[in-house]
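Asker: Dropping the sequence and predicted coords here.
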Amino acid sequence: MFKRRRGKTTPPAHAAPTAITVKVVEDTHLFESEDGTTLWCGGYTPVDEDGSFMSISQHHTSDGRCIYCNVAGVSHRSKALQHERFKPSEQIILRPEPTNVYDPNAVAVWDASNTVQAGYVPATLSPQVAEQLRNGKPLGGIVLSEFRRGSESGPRVGLHILLAPPGELLLSVSDAEDQSEQDRDGPEDE
């Protein structure tokens with residue numbers, strides 16, 4: 001489902017009509033979280049056609065069919081979050097939980113083997129995502145970036161994911177050495 005490309009965001013002529021291309025940059029950096037903890041970010045961040053970072057709070061990507069978001073509730077699944085199945089570029093599965101006592105629109109985020117749960121689609125997006133799933137419009141996705149406490153070898157504490165309809169998913173990876181630090185978003189645990 002996922003392929004990584006460098007260069008232009010235009011899909012190749014031989015790509016299937018369902019191919020989805022999202023423009024991203026490789027994004028590895030250290031930053032200080034709101035509570036003063038040093039976090040390491042590794043993976044990809046969506047950018048617009050001009051190469052500017054796209055805000056995770058708006059959930060947009062260069063392809064309007066995709067949703068960019070964090071995984072909520074990861075602090076309650078810290079052991080599961082450490083699995084290699086949640087490293088950048090790994091596929092994820094979405095499972096609606098209509099009988100969830102806290103939120104009938106809850107949508108769980110699972111690894112590709114459907115055995116380890118990382119958390120949930122954020123509550124601000126779950127009604128929209130759950131409705132799509134209920135209406136027979138499947139969504140899946142990949143892990144775009146991971147956040148680790150202290151360094152690249154620290155424990156994983158957050159994920160940003162890309163939700164997409166079925167089909168070939170292409171990440172068009174651009175070089176962005178001049179991206180400013182202030183444009184980057186850290187993990188959110190809604």
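Answerer: It's in.

Asker: isn't Pro96 right next to Glu131, touching?
Answerer: No - counting by CB atoms under 8 Å, Glu131 is not a contact partner of Pro96; they are 9.6 Å apart. Any C-beta I mention is one placed from the backbone N, CA and C, and that applies to glycine too.

Asker: Common neighbours of these two, please.
Answerer: Asn105 (CB atoms under 8 Å, 6 or more residues apart in numbering).

Asker: check contacts around the residue most central in space within the chain.
Answerer: Taking CA atoms, centre = their mean as the criterion, Ile161 is the residue nearest the geometric centre of the chain, at 1.0 Å. Residues in contact with Ile161, defined by CB under 8 Å, 6+ apart, are Tyr68, Cys69, Asn70, Val71, Ile92, Val109, Gly141, Ile142, Val143, Leu144.

Asker: Go through stretch 162-178 and flag the buried ones.
Answerer: Within stretch 162-178, the residues that qualify as buried are Leu162, Leu163, Ala164, Pro165, Glu168, Leu169, Leu170, Leu171, Ser172, Val173, Ser174, Ala176, counting by 16 or more other CB atoms under 10 Å.

Asker: right, and out of those, which lies closest to Ser62?
Answerer: Ser172 (8.0 Å; CB to CB).

Asker: Show the subsequent helix or strand relative to the longest helix seen in the chain.
Answerer: Secondary structure assigned by DSSP state H gives helix 126-134 as the longest helix of the chain. Following helix 126-134 in sequence order, the next helix or strand is strand 140-149 (DSSP states H and E).

Asker: tell me the angle the next helix or strand after that next one makes with strand 140-149.
Answerer: Downstream of strand 140-149, the next assigned helix or strand under DSSP H and E is strand 156-164. On the basis of axes from the mean of the first three to the mean of the last three CA atoms, to 10 degrees, strand 156-164 is oriented at 160 degrees to strand 140-149.

Asker: how far is strand 156-164 from where the chain is centred?
Answerer: 3 Å (CA atoms, centre = their mean, to the nearest Å).
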